[in-house]
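1. The sequence and its predicted three-dimensional model are supplied below.
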Amino acid sequence: MTIDFSFWLLLLTVISGVIWGIDVLFFKAARTHRKVAASASAGTPRHDPIIVDYARSFFPVLAIVFVVRAFLFEPFRIPSDSMMPGLLAGDFIFVSKYSYGLRLPVINSKVIATSDPKRGDIVVFRLPANPSVNYIKRLMGLPGDHVVVQNDRVIINGQTMPLQMDGSYNEHGYQDAQLATEDLGTVKHTVMFLPGYLPRDFDGVVPAGHYLFMGDNRDNSQDGRFPQVGFVPDENLVGHAELIWFHWKFSEMPIFSRIGTRIH
């Protein structure tokens, strides 16, 4: 079990709920009676214990946040350039937690299957070597696929994925990067190649119950082509990236035009 933010949020929700519940069951009635008697005699009402007051105030908020975050949508911040040009470092995104099945929070055990991941999906997953670290990449290889990456061309089960060059990219610190549209059959998306970088080749068969992910910034992405990441098991999937809800790199001004951008 990974001790992460979900664990602490669940713990706070349970503690506040237990405090509030115990007070309602065992202490509130007697305290209310004493408060009425004290008010009648002294004219000054007595307040509830501060811990009960806090628990009663915070429990509904914590419970709602926990349910939404665990089963519906979870926010993430893009920390690197690996998914450029579509996703920029500093993008804040919403990830659908129910796209690939409902999972019990904290232990991440799937209890209800919804749909299977599709090639071309942009997915947040837990790094197999360190599940406390989240990565976001594009799904390239499904279970059983033979994936070859050679000179920046992706070959899946013997079929080369069509790639059409689309000019250069000169934004956000990059100069003369090459853009291309890659057709995965299920989705067409933009990838980026960097001049002067050696392509990272790969050849492997995706094991059952696992997936192969790659970044759209092909020459600047530590992804499934590297042993530090490798193949990602199904239980490490967090959810499908859906929407950019804000953009802000703390050293720069926010880019408000990215708010509301759908992720493809």
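-> Yep, that arrived.

2. all helices of this structure, in order?
-> Under the criterion DSSP state H, the chain contains helices at 5-22, 28-42, 50-67.

3. Report the mean per-residue pLDDT for the second one.
-> Confidence for helix 28-42, expressed as mean pLDDT, is 65.

4. ditto for the first one
-> Here the mean pLDDT over helix 5-22 is 88, rounded to a whole number.

5. roughly how far is it from the heart of the chain?
-> Distance of helix 5-22 from the chain centroid (CA atoms, centre = their mean, to the nearest Å) equals 23 Å.

6. now do the last one
-> With CA atoms, centre = their mean as the basis, the distance from the averaged C-alpha position of helix 50-67 to the chain average is 25 Å.

7. could you check the angle helix 5-22 makes with it?
-> 140 degrees (axes from the mean of the first three to the mean of the last three CA atoms, to 10 degrees).

8. Contacts for helix 50-67 next, please.
-> 6, 9-10, 12-13, 15-17, 19-20, 23, 27, 47-48, 105 (CB atoms under 8 Å, 6 or more residues apart in numbering). To be clear about C-beta, it is placed using only N, CA and C from the backbone, and glycine gets the same treatment.

9. Recalculate using a threshold of 10 Å.
-> By CB atoms under 10 Å, 6 or more residues apart in numbering, the surrounding residues in contact with helix 50-67 are 6, 9-24, 27-28, 31, 47-49, 105.

10. In contact with the residue lying closest to Leu127 once chain neighbours are set aside, which residues?
-> Nearest non-adjacent residue to Leu127, counting by CB to CB, 6 or more residues apart in numbering: Val133, 4.3 Å away. By CB under 10 Å, 6+ apart, Val133 lies in contact with 2, 4, 79, 125-127.

11. before we move on, back to that, buried ones only from the contacts of helix 50-67, please, as a PyMOL command.
-> Selection of the buried residues among the contacts of helix 50-67 in PyMOL, burial being defined by 16 or more other CB atoms under 10 Å:
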select buried, resi 6+9+10+13+16+17+19+20+23+31+48+105
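
12. can you give me the strands for the stretch 51-200 of the chain?
-> Using DSSP state E, counting those that start in this stretch, the strands of the stretch 51-200 of the chain run over 73-77, 91-96, 102-103, 110-112, 122-127, 130-141, 146-150, 153-156, 159-160, 163-169, 177-183, 188-193.

13. Of those, which shows the lowest average pLDDT?
-> Looking at these, the weakest mean confidence is strand 110-112, a mean of 81.

14. re the thing from before, how much space separates the residue nearest to Leu127 from Trp248?
-> 22 Å (CB to CB, to the nearest Å).

15. quick one on the thing from earlier: can I get the helices of the chain in CSV with distance to Tyr98?
-> Shown next, in CSV, are the helices of the chain (distance: least, CB to CB, whole Å):
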stretch, distance to Tyr98
helix 5-22, 15
helix 28-42, 37
helix 50-67, 12
